[in-house]
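Undergrad: output the structure for:
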Amino acid sequence: MKRIHLGEFEEIVLLTVGVLHGNAYGVTIKDEIEQRLDRDVTIGALQVTLRRLESKGFLKSTPGGSTESRRGRPKLFFEITAYGKKALDHCKASRDELWKALPKLVLNLK
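TA: Okay, the predicted model is just below:
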């Protein structure tokens, strides 16, 4: 099996596609990330990341209906694949493992 690796922005995009379940396309993903994380996202960086996640098998896209306002171009809707869910599980488990290993003293946790 291939090694599963997600970069930070890839993880954020993948999680956001899950949050938007059924309504995840470029603009909604961008808006959701900016609103939830108070982080600027360029549409170019987002599109490159969506394509990369799709080529890795973590996402799949489906064209929606075309509209006059989009000059006949359809929206591309994204959804997480089973492999994408596995990647998120792996990422979460890895991060949880690191958080568990972090001595409480380091963060002054009580």
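Undergrad: okay, CA-based contacts and neighbour counts for the rest of this
TA: Will do.
Undergrad: output the contacting helices and strands for the helix or strand where residue 61 lies.
TA: With secondary structure defined by DSSP states H and E, residue 61 is part of strand 59-66. Counting contacts by 3 or more CA pairs under 8 Å, 6 or more residues apart in numbering; DSSP states H and E, strand 59-66 packs against helix 43-55, strand 74-80.
Undergrad: going by mean pLDDT, which of these comes out lowest?
TA: Here those differ in mean pLDDT, and the lowest is strand 74-80 at a mean of 92.
Undergrad: related to what we said a few turns ago, check the helices and strands packed on strand 59-66 for me and report the most buried one.
TA: Ranked by mean neighbour count, these are led by strand 74-80 with a mean of 19 (mean count of other CA atoms under 10 Å).
Undergrad: quick one: mean pLDDT for the helix or strand just after it?
TA: The helix or strand immediately downstream of strand 74-80 is helix 82-101, counting by DSSP H and E. For helix 82-101, mean pLDDT is 93.
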